[in-house]
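1. my questions are about this predicted structure, shown below with the sequence.
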Amino acid sequence: MKREIMMRVHSARVYNGGTYGLLKLVPVEGILPGDIEPGQFVQVDVPDCKGAFLRRPISVNFVDYEANELWLLVRAAGKGTRSLIACVEGQQLSVILPLGRGFSMPEKGGRVLLVGGGVGVAPLLYFGKVLKDNGYVPEFALGARSAGDLLMLDEFEKYGPVHVATENGELGTKGFVTQLPAMAEDIAHIACCGPTPMMKAVAKIAKARGINCEVSLENAMACGLGACLCCVEDTDHGRVCVCTEGPVFNINQLKWEL
Amino acid sequence: MKREIMMRVHSARVYNGGTYGLLKLVPVEGILPGDIEPGQFVQVDVPDCKGAFLRRPISVNFVDYEANELWLLVRAAGKGTRSLIACVEGQQLSVILPLGRGFSMPEKGGRVLLVGGGVGVAPLLYFGKVLKDNGYVPEFALGARSAGDLLMLDEFEKYGPVHVATENGELGTKGFVTQLPAMAEDIAHIACCGPTPMMKAVAKIAKARGINCEVSLENAMACGLGACLCCVEDTDHGRVCVCTEGPVFNINQLKWEL
Amino acid sequence: MGTLSVNIGGLELQNPVLTASGTFGYGEEYEDLMNVNSLGGIIVKGTTLLPREGNPGPRMAETPAGMLNAVGLQNKGVDYFIDHIYPRIAEKFSTEIIVNVAGSTVADYEKVCEKLAPLPRIRAIEVNISCPNVKQGGMAFGTTTAGAAEVTRAVRKAWPKTVIMKLSPNVTSIVDIAKAVEAEGADCVSLINTLMGMAIDVERRRPYLSTITGGLSGPAVKPVAVRMVWQVAKAVGIPVIGLGGIASTRDALEFIMAGATAIQIGTANFIDPSISEKVAKGLAEYCAANGLKSITEIRGII
Amino acid sequence: MGTLSVNIGGLELQNPVLTASGTFGYGEEYEDLMNVNSLGGIIVKGTTLLPREGNPGPRMAETPAGMLNAVGLQNKGVDYFIDHIYPRIAEKFSTEIIVNVAGSTVADYEKVCEKLAPLPRIRAIEVNISCPNVKQGGMAFGTTTAGAAEVTRAVRKAWPKTVIMKLSPNVTSIVDIAKAVEAEGADCVSLINTLMGMAIDVERRRPYLSTITGGLSGPAVKPVAVRMVWQVAKAVGIPVIGLGGIASTRDALEFIMAGATAIQIGTANFIDPSISEKVAKGLAEYCAANGLKSITEIRGII
C-alpha cells in the first residue's frame, strides 16, 4: 500500500565532491512499511528550492529494517536533486512509498548478475541483499566514468563478488561494464540499472545470449502514482506508465531496437 | 553608490518564537561601504525558497562599522521573510545597498522623537545612534501589540530614553504610541516608521501641532532601483518611486488625508 | 445544505472541491493516500469514443512553478470505461463522478454522451474543447466561438444532465467563448485548461516533449486563470468552475472570490496527493473562522 | 563581425542581449551595478506623446515564479525624453539605445516617431501595441490583425529606421498578428509582452493591484514565450526578438534555439541587476565551448 510519511534525515553524506549524496532516512513516527521491495522507488518532496516544483522519484537504495532506515542514493542532476543532497541531519522530508514494481526473483540455479552504471547502481544494493538473504549468490558488475563515481563498493561487497569497470581505467577494468570478464561468462539472469545506452548495450548482450534480463527505466515522471500518464513506455502490452507497470521491465516486454 | 555585495550571516537570532529575526551580516570580502545612511534600505536576495521570487527590501536596522556588520531586523510576513529569518550562521546572501533616501538630520534644538511601531522600530535604532553621535538627545517612542513584539529595547536604551506602549498593556503604557505621555510634550521633530495607520495617526498629530515629521513608507516594491516604477506614492512633486525618492518622506510632501 | 455545498448548473456538490481531469486518474490511484469521498467530486480522465494511446514519450517537462504535459488524451475508450472502470468506481466512491468527454469530431462527442447517459452515477460531464495536445478536435473547437458553440449544441442534445464546458485560455477573449457556450445551453463552464507552452533541452538541442509543444499547468498559470475566471464570472449567468495552479486553501479562496462556484485541483495532486482533501477541510475552517453560513457569501466579492 | 553579433531588421547589435522596456529604466539606474555597454542594447521605458502619470498604486504583486505589474506607461513624455534624458544617456552609453513607443491613437504613435526620428543615436524603435495596463490603445491595437497592421503602417511612414513591433501574447494566434505587421513593413517583432493576470489578497478580500488586472512576467511565463517565439519564427521572414522570463544564459539559448535572433531580459533585472551582462558573457562562453563561429548557427535549430 502507498503511504505518504514524514521522514527525518538521520545521516547525510556526499560522494565525489557533492556529485552524489546518500541520505539515510527514518520515519518521524513509527516504523518503516514492511512491504518495500528491491527496485521500487519513492517520491520525495524537495525541500524549499526555487528551481524544483515536482517531487523527485528516487529508487530505493537500501532498507535497513533493523535500524528503521531507508537509504536514498541521489545524483546531483539538477536543482531538485542538488537540494536533496544538501539536506542536513534532522531535516524532514515528505516521502511517498513504496511505488512501482521492482525486480523479480530469478529462478534458482545459474549465475545472477546485477549490472549497474553510475548512480544506477543504487537499487542493486538492496536487491543484492534480498537475493543473498534468499540463498542466492549475486554478483555485481558496476561501471562508472571514474573511480570517484563508483559508489558504495564496500556495501556491495557484503552481498556478493563485485566486478568494477571505469571508463578512464582508474579502477578495475578500463571501459564499460559490458567489457568486464564477468559479463563474458555464463549468466542466467541479469538485473540492470543505469544510463539508457548502457542498459541497451546490456540488453543486446542478454538477448543475443538468451539471458533473462530486467532493466529499470527512468522516464520523466510527474505523479508517480499512475494518474498523470506522463512517464509512458511502449511495451508488448501497450503504452504503459513506468511508475506503476515499472520501473523494472523485462527486456522482452520493451520495444527497444537492439 | 549602489553595490551588490555578498554577505555572510555572522549571527542570527529570532524573537517572539520566530515572528522576528535579527541577522547580523558581514561582507564576504572587504569592508562595508561607508555611505550607508539611517533610514536607507537594502535589497536582499532570498535564499532558496519555493514561494519567494523577488528580493526583499529590508530597512537598515544598524551599521556597526567597527565590527563590519550590517544588522537587519526582519518580520516573518511571508515565505520570503520567513526564509530570511531561518538563515543560519555562515549562510551567504546577495545584498544590494545602500538604497533610497533616509532620514534628515533635524534642526538643532528641541526634542527629537523617533516613533516606531512593530518591526517599524528597525531603522530608528541606527538613526538614534547617528543622532547621538552628532550631539542630539533622541528619545524613542516604541509601540507594539504585546511585550514580545517590542524588539531590541536594550539596544535603543544605549542612545536615548525609551518610552514604550503595548496594545495589551503587558509593558509600558497600555494602548498606542500616540497615547504615550512622551507624545503629549513639546516635540520639534519626529521620525516615524511602522504600520500605515499608526504613521497616519502620528502624522495627524504632527500636522496639528506643527511638528516637523518624516515617515518611512513600505510600498510593494520590485527592483528597488527606480527602474520598474512599481512602488509609487503620490507626492507634491508627482507620482514618485518610494525606492529612490523615499522610503523617507516629510509628511508635507505626501497626499495623505489626515 | 451544508456551509460548503454549492450548485454547479443543476448538480449539487457537498463542497466546491473537485479534482481536475487527467491529474487524478479515476480516483483509485489516490485512495491509499486520502479520502476521495471527502471531495465535492472527481473528474475522471478525458474519455473518447475509441481507445487512444496518446502521444509518445517524453510527455512531461518541469518548468518554473509548473509543468508541461503532452499526454494527448490516452484512454481506453468509453466502452471500456463503462464496462470496466465505472462499475468499480461507482461502487467504491460515494462522491460525484464527472466524466471528461473529448472527441475529434462533433459526432464523437455526441456518441460518447449517448453511451454515458444511462449511467446513474454520472450526473455531469465536462466537455473538453480545449486540449492543446491532440491534432484534431481538442483545442480547435475551443478557440473559436463557432466551434465552441457547435460542440455545445450537439452535446446539449445528447446529454440530459449537467453539461460543463471546459474552456481554453489560448484565446483573445475567453469571455466571448463563454458567452457562446452559455447561449447554446451549457449549464456551467470550467476554466482554464492548460496554456500552450514549450521547453527546450539546451544541452541536447531538442524540445523536452515529443510533441514539441504541450500544456502548461501549475502555480505559474494561476494569475492568468484567476483573471479569466473573474472576467467570465462577471459576463455569464451560469456557474464558473475555476482551476489553474490551485495548491492551497488560500488559492481556492482566491478563485472563489474571483467568482468561481467550485474549483478544481490539478497539478498540485502530483506534489501533495492529499491536497484536495486538505483544501476541502481548509474551506470549512475558513467559513467557521470567518462566520460564513455559506461559502457562497464570498463568491465574486471582487 | 563578432561571434555574438546579430542583425535585427537592419540594426547590427554587438550581441543578442537587450534589456526589456520598463525593467531597466534608462540604463542609468543600473550603471553602478554593471557595465551597460556590455549589452547589445537597452530598450528604454515606454514613451508617449504627452507625459503620463500611470496608474495609482499598488502596482505590483509577486506571484509564483513571477510578478504582476500595473505601471500603465508612466513617463514624462517624448519631449522631456528628447530634451533631458536622451542627451545624458546618448553621452553616457555607447551601446544601442532603442526607444519603446506607445500611444492611445495611431496619430500619437506617428507623432512620437516623428519627434524621435532626428535623434542620431536612436536607430530603432520598439512599438508597444501590447501593454495590458492602459485603457486606450495599448493592447487593443495588439489583439487584432487590423489594429496591429494599422499602427505598423503609420509608424512605418513616420520612422525611417528599424521598426520592431512588440506583440501581445493575449491572443488566439500570435502568428496571425506577426504576419500582419510583417506585411505592413515591420523590420522585426519582439515577443512576448506580459500575459494579462490577476491576484487577490484573500485576507483583505481585494485585488493586489489598483487596476485589478495587470501584466504577468517572470520565469512563470517562459514556456508560453518560447512556444510563441518558435511559432512566429517559423512563420515570418523578419527577425524575432524573444523575451519572457529569461533569467540565465540557458534561458537565452532556449529562445535562440526556438528561433530568436536576439533576446530581452526583463523581470530578472530586478533580482540580479547584472544578469544581462552575465548572459552576454555566458553566450560568448557557450559559443567558445561549443566551437560556434556565430551564435546564429544554433538559431532556430528546433
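-> All right, it came through fine.

2. what does stretch A:170-186 contact?
-> A:110-111, A:113, A:115-117, A:139, A:141-143, A:146-148, A:150, A:161, A:163-169, A:194, A:198, A:201-202, A:205 (Cβ atoms under 8 Å, 6 or more residues apart in numbering or on different chains). C-beta coordinates here come from the backbone N, C-alpha and C atoms, glycine included.

3. tell me if stretch A:191-210 is near chain C.
-> No - counting by Cβ under 8 Å from any Cβ of the partner chain, chain C is not contacted by stretch A:191-210; separation bottoms out at 12.0 Å.

4. may I have that stretch as CSV, with CA atoms only?
-> The C-alpha trace of stretch A:191-210 is given here as CSV (Å, rounded to 0.1, in the frame of the first residue of the first chain):
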residue,chain,number,x,y,z
ALA,A,191,19.1,-7.1,-13.3
CYS,A,192,20.3,-3.8,-14.8
CYS,A,193,20.0,-0.1,-13.9
GLY,A,194,22.0,2.8,-15.4
PRO,A,195,22.0,5.2,-18.3
THR,A,196,19.8,4.1,-21.2
PRO,A,197,22.7,3.5,-23.7
MET,A,198,24.4,1.2,-21.1
MET,A,199,21.1,-0.6,-20.4
LYS,A,200,20.5,-1.1,-24.1
ALA,A,201,24.0,-2.5,-24.6
VAL,A,202,23.4,-4.9,-21.7
ALA,A,203,20.0,-5.8,-23.1
LYS,A,204,21.6,-6.5,-26.5
ILE,A,205,24.0,-9.0,-25.0
ALA,A,206,21.3,-10.6,-22.9
LYS,A,207,19.0,-11.0,-25.9
ALA,A,208,21.8,-12.5,-28.1
ARG,A,209,22.8,-14.9,-25.4
GLY,A,210,19.2,-15.8,-24.2
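
5. just the buried residues of it, please?
-> For stretch A:191-210, the neighbour count (16 or more other Cβ atoms under 10 Å in any protein chain shown) marks A:191-194, A:198-206 as buried.

6. and the helices in the chain?
-> Just going to use chain A. A:79-85, A:122-133, A:153-156, A:181-184, A:196-209, A:242-245 (DSSP state H).

7. oops, chain C please
-> Using DSSP H, helices in chain C cover C:78-80, C:86-92, C:106-116, C:139-142, C:145-158, C:174-183, C:222-235, C:249-258, C:268-271, C:275-289.

8. identify each buried residue in the longest one, please.
-> To tie it back to what came earlier, the one meant is helix C:275-289. In helix C:275-289, counting by 16+ other Cβ under 10 Å, buried: C:Ile275, C:Ser276, C:Glu277, C:Lys278, C:Val279, C:Ala280, C:Lys281, C:Gly282, C:Leu283, C:Ala284, C:Tyr286, C:Cys287.

9. now that helix: how far from the chain's centre is it?
-> Distance, stretch centre to chain centre, for helix C:275-289: 20 Å (Cα atoms, centre = their mean, to the nearest Å).

10. and it with helix C:249-258, angle?
-> 70 degrees (axes from the mean of the first three to the mean of the last three Cα atoms, to 10 degrees).

11. for chain A, which strand is longest?
-> Longest strand of chain A, by residue count under DSSP state E: strand A:3-15.

12. I'd like to know how many residues surround C:Gly300.
-> 16 (other Cβ atoms under 10 Å in any protein chain shown).

13. meant to ask about A:Gly135
-> 7.

14. with adjacent residues omitted, what lies nearest to the residue of the stretch 201-302 of chain C found nearest chain D?
-> At 3.0 Å from chain D, C:Pro223 is the closest residue in the stretch 201-302 of chain C, using Cβ to the nearest Cβ. Nearest non-adjacent residue to C:Pro223, counting by Cβ to Cβ, 6 or more residues apart in numbering or on different chains: D:Gly197, 3.0 Å away.

15. mind listing the strands for the stretch 51-200 of chain A?
-> A:56-59, A:62-64, A:69-75, A:92-99, A:112-117, A:139-144, A:162-166, A:173-174, A:189-193 (DSSP state E, counting those that start in this stretch).

16. one step back: worst average pLDDT in the helices of chain C?
-> Across these, helix C:139-142 has the smallest mean pLDDT, namely a mean of 80.

17. residues contacting it, please?
-> So helix C:139-142 is contacted by C:129-132, C:147-148, C:150-151, C:166-168, C:170-171, C:177, C:193, C:196 (Cβ under 8 Å, 6+ apart).

18. at 7 Å instead, please
-> C:Ile129, C:Ser130, C:Cys131, C:Pro132, C:Gly147, C:Ala148, C:Val151, C:Leu167, C:Ser168, C:Asn170, C:Ile177 (Cβ atoms under 7 Å, 6 or more residues apart in numbering or on different chains).

19. quick one: which of those residues is nearest D:Gln74?
-> When those are compared for distance to D:Gln74 (Cβ to Cβ), C:Asn170 wins out at 30.7 Å.

20. near chain D, which residues of the stretch 201-302 of chain C are found?
-> Within the stretch 201-302 of chain C, the residues that sit near chain D (Cβ under 7 Å from any Cβ of the partner chain) are C:202, C:205-207, C:213, C:216, C:219-220, C:222-224, C:226-227, C:230, C:245, C:250, C:253-254, C:257-258, C:298, C:301-302.

21. tally of neighbours for the residue in chain C positioned nearest to chain B?
-> At 8.0 Å from chain B, C:Ala65 is the closest residue in chain C, using Cβ to the nearest Cβ. C:Ala65 sits with 26 neighbouring residues when counted by other Cβ under 10 Å.

22. just checking, it touches C:Val221?
-> No - assessed by Cβ atoms under 7 Å, C:Ala65 is found out of contact with C:Val221, at 8.8 Å.

23. and residue 147, what does it touch?
-> Using chain A here. Here A:Ala147 is in contact with A:Thr166, A:Glu170, A:Leu171 (Cβ under 7 Å, 6+ apart).

24. please refer instead to chain C.
-> Here C:Gly147 is in contact with C:Ala140, C:Phe141 (Cβ under 7 Å, 6+ apart).
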